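Engineer: Sequence first, predicted model second:
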Amino acid sequence: MACAAPRRNAQADSNEDGLAAVVGVLNSTKDQQLELDILKGIREALKGRRTVTMPTGWPAIEERLSASPNLEVKSLAQSLSLTFGSTRALEDLRQVAQDKSAEPGVRRSAVESLLSVKDTGLPPILQELLSEPGLRSIALRGLGQYDDARTPSEILAVYHQFNTGEKRDALATLTSRPVYAKPLLQGIEDKIVKPTDLTAELVRQLRSLKNPEINQQNEK
């Protein structure tokens, strides 16, 4: 057991050295396809890791690739910059997520990147996206990751606009925690949500919260 920590440290150092070497190659090329291949390789290598120490030389790469004419290169570079703790990437991706002139797929990718690092400034943006049909589902699912007091009222305010799938996503979020479930049950009483919209699985989820007040409302 005593040698386990040194082995882990050695592996971490090796990984950092490997990343630094790859970043060095990326810094020396202007070939867009090679840039794309390297960025994809880095993303794959770091999959599942929420934060990684920023490698030496990355700020210069971030600066250059943020202006790339290749949107995929730009998007991947921003996503990796976020993983490396870049505040610039954080602000840029928030702007992309809110930019109604940007392609829906690009905006969705920005939201996914921000969700991957659980950006604390994201809930208000997700709440705004509830008014946009193309981004509602990811916004609804994303809001389930946060405890934000405004979320239930924001969802219920536009619930009548949702299609079946969006209602399912909305209810999954609203049954995820007591602070969301109470406004949901009030919404049922106020006839904003039909009782029949709650599936047996969602009712079980409400019960699993083990909250006496919610259980009482639920039975009612």
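Structural biologist: That came through, no problem. Because the structure is a prediction, the values reported are computed rather than measured.

Engineer: Spatially central residue in this structure, please.
Structural biologist: The centroid of the chain falls nearest to residue 115 when counting by CA atoms, centre = their mean (1.6 Å).

Engineer: was I right about that residue contacting residue 122?
Structural biologist: Yes: under the criterion of CB atoms under 8 Å, residue 115 makes contact with residue 122 at 6.9 Å. For glycine as for every other residue, the C-beta is placed from the backbone atoms N, C-alpha and C.

Engineer: what helix or strand does the residue nearest to the centre of the chain sit in?
Structural biologist: helix 104-116 (DSSP states H and E).

Engineer: List the first helix or strand encountered after that helix toward the C-terminus.
Structural biologist: helix 123-129.

Engineer: could you point out which element follows the one helix or strand in the chain whose mean pLDDT sits lowest?
Structural biologist: Within the chain, confidence by mean pLDDT, DSSP states H and E is lowest for helix 4-28 among all helices and strands, at a mean of 66. Where DSSP H and E defines the elements, the next helix or strand beyond helix 4-28 is helix 32-45.

Engineer: how deep is the residue nearest to residue 154 when sequence neighbours are not counted tucked in, by neighbour count?
Structural biologist: The spatially closest residue to residue 154, leaving aside those adjacent along the chain, is residue 127, at 4.4 Å (CB to CB, 6 or more residues apart in numbering). Counted with other CB atoms under 10 Å, the neighbours of residue 127 add up to 20.

Engineer: Cross-check the contact I'm expecting between residue 127 and residue 151.
Structural biologist: Yes: between residue 127 and residue 151 a contact is recorded at 6.7 Å, counting by CB under 8 Å.

Engineer: Need the overlap of contacts for these two.
Structural biologist: Contact with both residue 127 and residue 151 is made by residues residue 143, according to CB atoms under 8 Å, 6 or more residues apart in numbering.

Engineer: Please report how far the residue nearest to the centre of the chain lies from residue 176.
Structural biologist: The gap separating residue 115 from residue 176 is 15 Å, by CB to CB, to the nearest Å.

Engineer: try residue 134
Structural biologist: From residue 134 over to residue 176 (counting by CB to CB), the distance is 23 Å.
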